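K.L.:
build me a model:
(one chain, ligands or ions: 1)
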Amino acid sequence: MQYKCNALKPIPKRLLIPIITDLREYRQAANDTISYSRDIVNKYGDVCEASFTGIKNYFIHDPEVIKEILTTQSPKFKRTKLFRAFRKFLGNGLFTADDPYHKQQRRMIKPAFLPQRVEGYAEAMVQCATEEMSTWKDGETININQAMTNITLNVITRTLFGSSLPADTIEAVRDRLPAAFNVMSRIVENPFYVYCLEKEIGIPIVKEFFKARAAFDEIIHGIIASYRKDNGNEKPGLLALLMSLKDEDTGMGMTDEEIRDEVITFFIAGHETTTLALSWSWYLIGGHQQVANAFYEEVKNVIGDRLPTAKDYQVLPLTKNIFKEALRLYPPAWTFAREAMEDIVIRDYHFPKGAILWTVTYLVHHNEKYFENAEEFIPSRWDTEQIKAIPKYAYFPFGGGNRMCIGEGFAWMEGVLVLAAIASKFRLHMPVGFTTAINPVFTLKMTDDLLMKVERI
Ligand code: HEM
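P.N.:
From the prediction side, this is the model:
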């Protein structure tokens, strides 16, 4: 190990031989990021450097440093190069934009996600879960990943457009979005594809992507145009709200292109993450009988025969703790990175301009320093005094600071109400001995489909 020499705290550095070990390291880091960064952190500590292929990479797993990256020093960071590829799909929406545009958009969109608004979306969340359950037959085996995708995709579609769109338009949105998203997911798994997409080099997968994107854009622009024609009058849903928002300084609203970018951002950022959080929750419930019994009991006592409502969110503490613990053990957004726009000092560590700071949320969430028996599923840990003492950024499934997930409140409401709506009508059984593992791609997927038998209550 060699220490970088600076006047501040030395940052342990992994030594690599240029080109020879460089490429091997890149492949390991790209293909198996969690194991790779776990090894690096175990060997070199919570703040360390492993630079390869000409990029200065720093691995950050100290909650206090993470806090500064995300909050106090965030104006000195921007999105990394990978986001240029995402921009080909998401445009310049909240997720991909950098300041000052990001700041302006965030300020404008914030009202759409205030708690009272989110409460207004609760009914659609429960309705979508109910519609999905109406296709289930007592005793049959359901693919939970698919069922949760159906629910979250319907929730985001209904939240954006209300139920005012013709069924065939809704159907087209639901068909074309996953098609484009799937091609995008395949591209981000391969650095060569990412490069070709960024440069718009016409290899087959890039052509396929642009075709799928054009098909999705056609339908979204059609919807926006129809809203404009009607002046958005009386239209329900988030889209009409987005179209009516005005910047408080300039008094300007969003252009059609800006609205398209935000709509697609909400689709992408909002449905897959929640699908995964729900699927992992069912996996954990299915594998822990005692927790499962207490969970079904809670739902029976609070909800009984009726449908859950926004108010129930406050009175389902175990359901909420299950969702919280699932987000700890299996954070859907399991890693993120920031690029330093200038030389930055954080807690006496010096990071040079251009450095990429990586944080693997998954590893921090599994650290015994903050969570006793960290590998175990213990929803009740969230009620202990001990948990109140952990650093704020030891648990951050929704990120933090000015880029914190704008849909966090939405996701909590959806997670808790969908779990409760289902558990009030069905008990889900996982095959005895079934286990799956993490598949960390763009989001934290399962390596296997989760199949569960549904028993009507
Ligand atoms: C369990 C579900 C969810 C998880 C775990 C999650 C996680 C995250 C995380 C970690 C970030 C920050 C990424 C970063 O700092 O680089 C983020 C950003 C974002 N999320 Fe979520 N999210 C979830 C659900 C949602 C929902 C339901 C929506 C919208 C309906 C949404 C919309 C967004 C947007 C627009 C951003 C970008 C915010 C910005 O940069 O200003 N997310 N999400």
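
K.L.:
wait, Arg84 sits on Lys199?
P.N.:
No. If you go by CB atoms under 8 Å, Arg84 and Lys199 don't touch, sitting 9.9 Å apart. Every C-beta, even on glycine, is put in place using the N, C-alpha and C of the backbone.

K.L.:
which non-adjacent residue is nearest Asp265?
P.N.:
Residue 265: Thr, not Asp. Gly93 (3.3 Å; CB to CB, 6 or more residues apart in numbering).

K.L.:
so the one you found: helix, strand or coil?
P.N.:
Using DSSP: H, G, I helix; E, B strand; the rest coil, the structure places Gly93 in coil.

K.L.:
from here on, call the first residue 52.
P.N.:
New numbering, starting at 52: the last item is Gly144.

K.L.:
spit out the contact partners of it.
P.N.:
Going by CB atoms under 8 Å, 6 or more residues apart in numbering, Gly144 touches Gln156, Asp312, Glu313, Ile315, Thr316.

K.L.:
so which of those residues are also by the ligand?
P.N.:
Residues of the contacts of Gly144 in contact with the ligand (CB under 6 Å from any ligand atom): Thr316.

K.L.:
okay, now the unreliable bits of the protein?
P.N.:
Low-confidence segments of the chain (pLDDT under 70): 52-58, 70, 282-286.

K.L.:
which parts of it sit against the ligand?
P.N.:
145-146, 157, 316-317, 320-321, 324-325, 328, 383-384, 387, 448-450, 454, 456-458, 461-462.

K.L.:
out of those, which sit inside helices?
P.N.:
The helices, defined by DSSP state H, take in Arg157, Thr316, Phe317, Ala320, Gly321, Thr324, Thr325, Ala328, Phe461, Ala462 from these.

K.L.:
check contacts around the first one.
P.N.:
Read it as Arg157. Contacts of Arg157 by CB under 8 Å, 6+ apart are Leu145, Asn453, Ile457.

K.L.:
how much space between it and Glu309?
P.N.:
13 Å (CB to CB, to the nearest Å).

K.L.:
go on, the fifth one?
P.N.:
When CB to CB is the yardstick, Gly321 and Glu309 sit 18 Å from each other.

K.L.:
neighbour count winner among these two?
P.N.:
Gly321 (23 against 18; other CB atoms under 10 Å).

K.L.:
ok, that one to Lys188 distance?
P.N.:
From Gly321 to Lys188 the distance is 30 Å (CB to CB).

K.L.:
what do you get for Val224?
P.N.:
Taking CB to CB, one finds Val224 at 28 Å from Lys188.

K.L.:
ditto for Val206
P.N.:
23 Å.

K.L.:
who has more neighbours out of these two?
P.N.:
Neighbour count, other CB under 10 Å: between Val206 and Lys188, Val206 has more, with 25 against 8.

K.L.:
skipping adjacent residues, who's closest to the more buried one in space?
P.N.:
Cys179 is the one closest to Val206 (CB to CB, 6+ apart), at 4.8 Å.

K.L.:
wait, that neighbour touches Thr210, no?
P.N.:
No. With contact defined as CB under 8 Å, Cys179 does not count as touching Thr210 (9.5 Å).

K.L.:
buried stuff in the helix or strand that contains Leu378?
P.N.:
Assigned by DSSP states H and E, Leu378 belongs to helix 368-380. For helix 368-380, a neighbour-count test (16 or more other CB atoms under 10 Å) marks Leu369, Thr370, Lys371, Asn372, Ile373, Phe374, Lys375, Glu376, Ala377, Leu378, Arg379, Leu380 as buried.

K.L.:
spit out the contact partners of the first one.
P.N.:
Okay, so that is Leu369. Val342, Ala345, Phe346, Glu349, Pro430.

K.L.:
from Asp434, how far out is it?
P.N.:
Distance from Leu369 to Asp434, by CB to CB: 9 Å.

K.L.:
okay, now the residue of the chain found nearest the ligand: neighbour count?
P.N.:
Closest approach of the chain to the ligand (CB to the nearest ligand atom) occurs at Gly458, with a separation of 2.2 Å. Gly458 has 23 neighbours, counted by other CB under 10 Å.

K.L.:
equivalent analysis for Gly304, please.
P.N.:
Quick note: Gly304 (other CB under 10 Å) scores 14 neighbours.

K.L.:
in which helix or strand does it reside?
P.N.:
Counting by DSSP H and E, Gly304 is part of no helix or strand.

K.L.:
skipping its backbone neighbours, what lies nearest it in space?
P.N.:
Closest to Gly304 by CB to CB, 6+ apart is Lys297, at 5.3 Å.

K.L.:
pretty sure the one you found contacts Arg158?
P.N.:
No. If you go by CB under 8 Å, Lys297 and Arg158 don't touch, sitting 10.9 Å apart.

K.L.:
what's near enough to touch Ser330?
P.N.:
Ile195, Asn196, Met199, Met497, Leu501.

K.L.:
buried ones in the host helix or strand of the second one, by neighbour count?
P.N.:
Secondary structure from DSSP H and E places Asn196 in helix 195-212. Within helix 195-212, the residues that count as buried by 16+ other CB under 10 Å are 195-196, 198-212.

K.L.:
just checking, what packs against that helix?
P.N.:
The helices and strands touching helix 195-212, judged by 3 or more CB pairs under 8 Å, 6 or more residues apart in numbering; DSSP states H and E, are helix 166-184, helix 218-239, helix 289-295, helix 307-337, helix 459-474.

K.L.:
just the buried positions in the third one, please.
P.N.:
If you call a residue buried by 16+ other CB under 10 Å, then helix 289-295 has these buried ones: Leu289, Leu290, Ala291, Leu292, Leu293, Met294.

K.L.:
and the two most separated of the residues you listed?
P.N.:
Greatest spatial distance among the buried residues of helix 289-295 (CB to CB): Leu289 and Met294, at 9.7 Å.
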